[in-house]
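Enquirer: Sequence below, structure please.
(chains A, B, C and D, ligands or ions: 4)
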Protein chains: 2
Amino acid sequence: MITRGEMWQAEILRVLNRSHAPVTAYEVLETLRETHGKVAPTTIYRAPSSLADCGRVHRVESLNAFTAYQCDRHQHTSILSICEECGSVEESVAPELLDEISGLVGRSGFSPMRHVIEVHGMCGSCSMRKLQA
Amino acid sequence: MITRGEMWQAEILRVLNRSHAPVTAYEVLETLRETHGKVAPTTIYRAPSSLADCGRVHRVESLNAFTAYQCDRHQHTSILSICEECGSVEESVAPELLDEISGLVGRSGFSPMRHVIEVHGMCGSCSMRKLQA
DNA sequence: TAACACGTGTTACTATATAACATTTATCGA
DNA sequence: TCGATAAATGTTATATAGTAACACGTGTTA
Ligand SMILES: [Zn+2]
Ligand SMILES: [Zn+2]
Ligand SMILES: [Zn+2]
Ligand SMILES: [Zn+2]
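Expert: Ligands and ions are numbered 1, 2, ... in the order given. Down below sits the predicted model:
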């Protein structure tokens, strides 16, 4: 049985997957309105957070936007590299780096629960393009 | 000579320094309105970004808020650990970790310009308090 | 079926951030 | 010193982001 909520999750995943760059909640909203008429922000915000919870969507904190996971459903924290030229985002996975960070902040007794690691810069292909120009 | 802009920067720094936790732009705004009457959001947003530029204030991306640097004026990127219990933020500095992250995302040709590293969790004193309770 | 719990829809609102333009202040050559 | 010009700051309005509160419907249980 497919609930209405799961229907929205699927729709939203489809929108996110069509874009190589992160998409804000309101951009998703606009897209869905084209095909579904009136849709409320709440609908959009509820679904990504449940999608994030089940490891299919990232919230990109430094952009206030969402992006679909690049690899299949998983639970690990990703390091996101965000190209400020073309908007594309890549995921990197490095548990040992997360551990190092946890160790560092843990020296003062801090217990990490969630890591936000987002690197802004320029992606390889944009750098190439800039060089040629 | 002290410009109006520098005056605002100083005021805002004072507000940020009085709080151990990050402060949103609109919280700063409210505080300043108590003493200065009408103040526009623009005023608040301009000053922190120039303060951030000169290495005195962090923008905490995952909170949409600002916090004063804990050590004296500096330019290095900090790792922020944010207690979700009491709101306090600590800075850690670890250039070698940043280098590792840069190396990792650089494998695909990505050139990092700005690192956002924010760890959410629970600080030492809050953990203590929880244990005792 | 009545009662309830829960998921979803709807409305209205709060919070966050910036664009565009007006005004003031600094700079500098005439 | 005096405009002319450029830069910084003030002001207004608006765009974008996010949530609270409650209404409604649907499925479950007794
Ligand atoms: Zn993955
Ligand atoms: Zn790019
Ligand atoms: Zn420092
Ligand atoms: Zn704490």
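Enquirer: low-confidence ranges in chain A?
Expert: Within chain A, the set of residues satisfying pLDDT under 70 comprises A:1, A:48-50, A:52-54, A:72-74.
Enquirer: domain ranges for it?
Expert: Partitioning chain A according to automatic domain parsing yields domains covering residues A:4-68, A:78-132.
Enquirer: Those: which one's closest to B:A25?
Expert: Set against B:A25 and scored by C-beta to C-beta, the domains of chain A come closest in domain A:4-68, at 14.3 Å. To be clear about C-beta, it is placed using only N, CA and C from the backbone, and glycine gets the same treatment.
Enquirer: what about the domains of chain A, which gets the closest to B:R46?
Expert: domain A:4-68 (19.6 Å).
Enquirer: so how far is the first residue of that closest one from its last?
Expert: The first residue of domain A:4-68 is 20 Å away from its last residue (C-alpha to C-alpha, to the nearest Å).
Enquirer: Please see if that domain touches DNA strand C.
Expert: Yes: using C-beta under 7 Å from any atom of the strand, domain A:4-68 reaches DNA strand C at A:R4, A:G5, A:E6, A:W8, A:K38, A:A40, A:P41, A:T42, A:T43.
Enquirer: In strands, which of those residues appear?
Expert: Nothing among the residues of domain A:4-68 next to DNA strand C maps onto strands, per DSSP state E.
Enquirer: out of those, which are buried?
Expert: Among these, the ones that count as buried by 16 or more other C-beta atoms under 10 Å in any protein chain shown are A:W8, A:T43.
Enquirer: Among the residues of domain A:4-68 next to DNA strand C, which pair sits farthest apart?
Expert: Checking those against each other with C-beta to C-beta, the farthest-apart pair comes out as A:E6 and A:K38, at 20.1 Å.
Enquirer: How many residues are close by A:E27?
Expert: Counted with other C-beta atoms under 10 Å in any protein chain shown, the neighbours of A:E27 add up to 17.
Enquirer: any idea which element it lies in?
Expert: helix A:25-36 (DSSP states H and E).
Enquirer: So which bits of that helix are buried?
Expert: Result for helix A:25-36 [16+ other C-beta under 10 Å]: buried residues A:A25, A:E27, A:V28, A:L29, A:T31, A:L32.
Enquirer: In TSV: those, plus distance to A:F110.
Expert: Putting these into TSV (distance: C-beta to C-beta, whole Å) gives the following:
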residue	distance to A:F110
A:A25	30
A:E27	35
A:V28	34
A:L29	37
A:T31	40
A:L32	40
